[in-house]
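Trainee: fold the following and give me the result.
(one chain, ligands or ions: 1)
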Amino acid sequence: MKRLFILLLATALACSGPAPKTQDPLPMSSEKKNDPHSFAQTEIAQVVHLDWDALIDFEQKVIDATATWTLSEGSSGEVIFDTYDLDIIDVTDGNGKPRTYTVGEKNALFGSPLIIQLAEGDKKVAISYRTSPDAKALQWTDTEQTADKLGPFLYTQSQAILARTWVPCQDGPGIRFTYDATVQVPPGMLALMSASNPSEVSNDGAYTYSMPQPIPSYLLALSAGHLAFKEVGARTGVYAEPSMVDTCAWEFADMEAMMVAAEELYGPYEWGRYDLIVLPPSFPFGGMENPRLTFATPTILAGDRSLVALVAHELAHSWSGNLVTNSVWDDFWLNEGFTVYFEMRIMEAVYGREYSEMLALLSHTELLNTVEEFMESMPDDTRLKLDLKGRNPDDGVTAIPYDKGYHFLRLMEETIGRERFDAFLKNYFQANRFKVMDTERFVALLKTDLLTEEEYSSIGVDNWIYAPGLPANVPVPNSDRFEKVDGYALAFLNETKLPENEVTETWSTHEWLRFLRRIKGADVNALAQLDAAYSLTQSGNAELAAQWFENTLSEKEAYRAPYDMDLEASVTDFLTRVGRRKFLMPIYSALLEGDKLEWAQSIYEKARPGYHAVSRESLDELLLASD
Ligand SMILES: [Zn+2]
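Mentor: Numbering: from 1, shown residues only. I've put the predicted structure just below:
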């Protein structure tokens, strides 16, 4: 998952008083390290395969389905699944013989255990159920919110613990299974999963899928809508609404080159095809690494291919995360820190070191800001190895696992040399493919397979992983391109000197972002001149628009008094169209910072139904807590 976190959420929580909500930890057996976010007792009975048969009902916004689970050898007694607001209709042994079951008391964060009594010799259980219209993983998008307005759209977001809101499952990252599925959608729609996918619309709206490689439940994914497909390379392609598919294929033309670069670095791609679907703008994240089919936000369509690092990131997850998976969410940095590191290496291989160092420096700034902010309110959350017991694992999705993880791995590379580090990583992915990894085992591997005692202590591995804060030996990326931009920012701040057209013509989105971040707090008249020259208020590039809104709206004075009508219209349009949490949180926070609470709340009221639950939950805390 890419950058869904938001610095300002922590501030909002800190200002409004209450600490993040916690729940009592789930009961767990003492003899085995179970996942603190799952009811499953896998030492008694564990799943190995899913047959999922589903009917997608767009009118009632529910899924009627049967999940038939095959159990591992030796499963007996009872089998426990995670569920969240699922209406369980019946449970059988897979051959029509009923089995007794109970649904336990609901925990607000983790849902309810579904406990099924097994008879001797039971190899399967079949659970018929219906999802709730409020299922947190499911986003039912109205026709109006799609690009082509051909019909409604559905997509899922299962990570971290939302798969249980649409499939009864053993919902922990350490439990893998293969799956087959049949899905019925209204004729005319194309339905896709994190599996082998169709490339053409069927006549009757029925589709079948197969995922022969074992995956954890958080990688279960489904989307359905009026979609078209276009090939990009031999193994790569793009799904999008028909009017957008050519644009998307152009924007992501380098997918195949990225695959080649990734394989050269760390070994073969293990999943067959690699396709990408561009979802409606309400998608709460940048991207989600669903196997074989990355889910992506349309806000990375910059028109100049300058936001494709996100594709490199999601592709990198095909190794770090999807192939070698964090054992529980406390080990999340093993998924995301490795993926950011791998993303940078892919970007360097395809676009050059000068380019990837800009991205590295953005990551560095993000890291410094986050550590500074967290050290005041929640220092323990700056440790790489997290403690999320009794908490929503979403609380762990901050810059720490991503950017601190990246800098730790970069430090290792810089200390021992790229050649040794790459050889270790290549072997690491190969030796642990389709397995789970936890922090302690990784540290043991460092000791046996990579670092001398001297290297281990000069890096300060334990300090990096287990201590709060940021060690003094954090590497600092070096970007000449950003240094130049900083010069222009200074000239703008000191003399209201605008960067010339000939200069900005060569700027990528990253340089513009750097510039805008450096001129925060600039005089409103200077901002107006900049806008007159570069039409930032009207920017079609979501990254730039969002940063521009953040800069201007946080001014206590209106940017041009009274409220600039263009700015107001653009902000309102953006916030009602785009649901990506990374943008929403800073923009709404800027509105609050600029004393525009009423305006913020009136937009939110209109926009809220179109946001995914993941974004709604964060924004409710920010905006409703401000009352
Ligand atoms: Zn990620």
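
Trainee: make sure residue 60 is indeed in a strand.
Mentor: No. Residue 60 is assigned coil when assessed by DSSP: H, G, I helix; E, B strand; the rest coil, not a strand.

Trainee: gap between it and the ion?
Mentor: Residue 60 is 33 Å from the ion, where distance means C-beta to the ion, to the nearest Å. Just so you know, the C-beta spots here come from the backbone N, C-alpha and C atoms, and that holds for glycine as well.

Trainee: for that residue, give me its contacts.
Mentor: residue 133 (C-beta atoms under 8 Å, 6 or more residues apart in numbering).

Trainee: now do residue 103
Mentor: Neighbour list for residue 103: 83, 88, 112, 113, 114, 115 [criterion: C-beta under 8 Å, 6+ apart].

Trainee: and it, bridged to which residues?
Mentor: Counting by DSSP bridges, residue 103 forms beta bridges with residue 114.

Trainee: that older thread, could you dump the contacts of residue 103 into JSON lines with neighbour count, pLDDT and distance to the ion added?
Mentor: Shown next, in JSON lines, are the contacts of residue 103 (neighbours: other C-beta atoms under 10 Å; pLDDT from 0 to 100; distance: C-beta to the ion, whole Å):
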{"residue": "83", "neighbour count": "25", "pLDDT": "98", "distance to the ion": "26"}
{"residue": "88", "neighbour count": "18", "pLDDT": "98", "distance to the ion": "33"}
{"residue": "112", "neighbour count": "21", "pLDDT": "98", "distance to the ion": "29"}
{"residue": "113", "neighbour count": "23", "pLDDT": "98", "distance to the ion": "29"}
{"residue": "114", "neighbour count": "24", "pLDDT": "98", "distance to the ion": "30"}
{"residue": "115", "neighbour count": "16", "pLDDT": "98", "distance to the ion": "33"}
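
Trainee: can you put those residues in CSV and add distance to residue 102?
Mentor: Below are these laid out as CSV (distance: C-beta to C-beta, whole Å):
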residue, distance to residue 102
83, 11
88, 10
112, 9
113, 8
114, 8
115, 5
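
Trainee: ok, and what's touching the lengthiest helix in the chain?
Mentor: Looking across the chain with DSSP state H, the single longest helix is helix 353-377. Residues from elsewhere that reach helix 353-377, judged by C-beta under 8 Å, 6+ apart: 7, 10-11, 13-14, 309, 340, 343-345, 347-348, 381-382, 398-400, 402-404, 406-407, 410, 468-470, 474, 476-482, 508, 510-511, 513-514, 517.

Trainee: rerun at 7 Å
Mentor: 7, 10-11, 14, 309, 340, 344, 347-348, 381-382, 398-400, 403-404, 406-407, 469-470, 476-482, 510 (C-beta atoms under 7 Å, 6 or more residues apart in numbering).

Trainee: can you select the buried ones among those residues for me in ChimeraX?
Mentor: Applied in ChimeraX, the following selects the buried portion of these according to 16 or more other C-beta atoms under 10 Å:
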select :7,10,11,309,340,344,347,348,381,382,398,399,400,403,404,406,407,470,477,479,481,482,510
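
Trainee: ok so, going back, tell me the average confidence for the following helix or strand past the longest helix of the chain?
Mentor: Per DSSP states H and E, the first helix or strand lying C-terminal to helix 353-377 is helix 399. What helix 399 shows for mean pLDDT is 96.

Trainee: now stretch 254-270
Mentor: Taken as a whole, stretch 254-270 has an average pLDDT of 97.

Trainee: just grab the bridge partners of residue 237 for me.
Mentor: residue 231, residue 275.

Trainee: that one is in contact with residue 245, isn't it?
Mentor: No. With contact defined as C-beta atoms under 7 Å, residue 237 does not reach residue 245; the gap is 9.6 Å.

Trainee: which of those two has more neighbours?
Mentor: Between residue 237 and residue 245, residue 237 has the larger neighbour count (other C-beta atoms under 10 Å), namely 24 against 18.

Trainee: secondary structure element holding the closest residue to residue 421 other than its chain neighbours?
Mentor: Once flanking residues are discounted, residue 421 sits nearest to residue 413: 4.4 Å by C-beta to C-beta, 6 or more residues apart in numbering. Remark: residue 413 resides in helix 405-416, with elements defined by DSSP H and E.

Trainee: dump the next helix or strand after that helix to PDB, keeping only the CA atoms.
Mentor: Moving toward the C-terminus from helix 405-416, the next helix or strand (DSSP H and E) is helix 418-431. The C-alpha coordinates for helix 418-431 follow below in PDB (Å, rounded to 0.1, in the frame of the first residue of the first chain):
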ATOM      1  CA  ARG A 418      25.600  -2.600  -3.000                       C
ATOM      2  CA  GLU A 419      27.000  -5.900  -4.300                       C
ATOM      3  CA  ARG A 420      26.800  -7.700  -1.000                       C
ATOM      4  CA  PHE A 421      23.500  -6.200  -0.100                       C
ATOM      5  CA  ASP A 422      21.900  -7.100  -3.400                       C
ATOM      6  CA  ALA A 423      23.100 -10.700  -3.200                       C
ATOM      7  CA  PHE A 424      21.600 -11.000   0.200                       C
ATOM      8  CA  LEU A 425      18.300  -9.500  -0.800                       C
ATOM      9  CA  LYS A 426      18.000 -11.700  -3.900                       C
ATOM     10  CA  ASN A 427      18.600 -14.800  -1.800                       C
ATOM     11  CA  TYR A 428      16.200 -13.500   0.900                       C
ATOM     12  CA  PHE A 429      13.300 -13.200  -1.600                       C
ATOM     13  CA  GLN A 430      14.100 -16.600  -3.100                       C
ATOM     14  CA  ALA A 431      14.600 -18.500   0.100                       C
END
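
Trainee: what does helix 418-431 rub up against?
Mentor: By C-beta under 7 Å, 6+ apart, helix 418-431 touches 265, 266, 267, 319, 323, 324, 412, 413, 449, 450.

Trainee: buried set for the next helix or strand after it?
Mentor: Per DSSP H and E, the first helix or strand lying C-terminal to helix 418-431 is strand 435-437. Under the neighbour-count criterion of 16+ other C-beta under 10 Å, strand 435-437 has 436, 437 buried.
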